[in-house]
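> Next come a sequence and a model predicted from it.
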Amino acid sequence: MALSAFDDKAHISSEYGPVTEQWNFSGKNYGWGFRLKHKERIVLYMTPCKGHFLASFALGEKAVRAARESGLPDPVLKIIDAAPKYAEGRGVRVEVKSKKDLENVKALAAIKMGN
């Protein structure tokens, strides 16, 4: 079974109720991105890449603390700790190339939605 961003989309939609989908072109330097929103809150951004996709989150500090206590693997926690801080939270970007990566993204989505 091929891994795709749409596996993650189906999971988010089934777990967190109605989500809206929005494709957005951010310019030639960044290309296309796909957003999943629950009401007015963006759950995650997905950016298609050759052979994989990037899953991006804006995690507030409460969600960052929850992530540290969640049992996520050290490489994911290092990505969170190194993420740039913005007004809406830390800009966390995770490459999704394997089922394990996808499971980490699902865990981050649950943390974001719970905080």
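Yep, it's here. Numbers count the residues shown, from 1 in each chain.
> who's in contact with residue 76?
When contacts are counted by C-beta atoms under 8 Å, 6 or more residues apart in numbering, residue 76 touches 67, 94, 104, 108. In this view, the C-beta of every residue, glycine as well, is placed from N, C-alpha and C.
> again, only this time at 7 Å
94, 104 (C-beta atoms under 7 Å, 6 or more residues apart in numbering).
> and the gap between it and residue 30?
Taking C-beta to C-beta, to the nearest Å as the measure, residue 76 falls 23 Å from residue 30.
> And for residue 15?
28 Å.
> Settle it for me: which of the two has more neighbours?
residue 15 (14 against 10; other C-beta atoms under 10 Å).
> Helix or strand next in line after the one helix or strand the more buried one maps to, which one?
Under the criterion of DSSP states H and E, residue 15 resides in helix 5-16. Toward the C-terminal end, the helix or strand that comes next after helix 5-16 (DSSP H and E) is strand 20-25.
> Remind me what the top helix by length along the chain packs against, helices and strands.
Ranked by residue count under DSSP state H, the longest helix found in the chain is helix 99-114. Helices and strands touching helix 99-114, by 3 or more C-beta pairs under 7 Å, 6 or more residues apart in numbering; DSSP states H and E, are helix 5-16, strand 41-49, strand 52-59, helix 61-68, strand 89-96.
> other SSEs contacting the third one?
Using 3+ C-beta pairs under 7 Å, 6+ apart as the contact criterion, the neighbours of strand 52-59 among helices and strands are strand 41-49, strand 89-96, helix 99-114.
> Direction included, what does it pair against?
Strand pairing for strand 52-59, determined by DSSP bridges: strand 41-49 (antiparallel), strand 89-96 (antiparallel).
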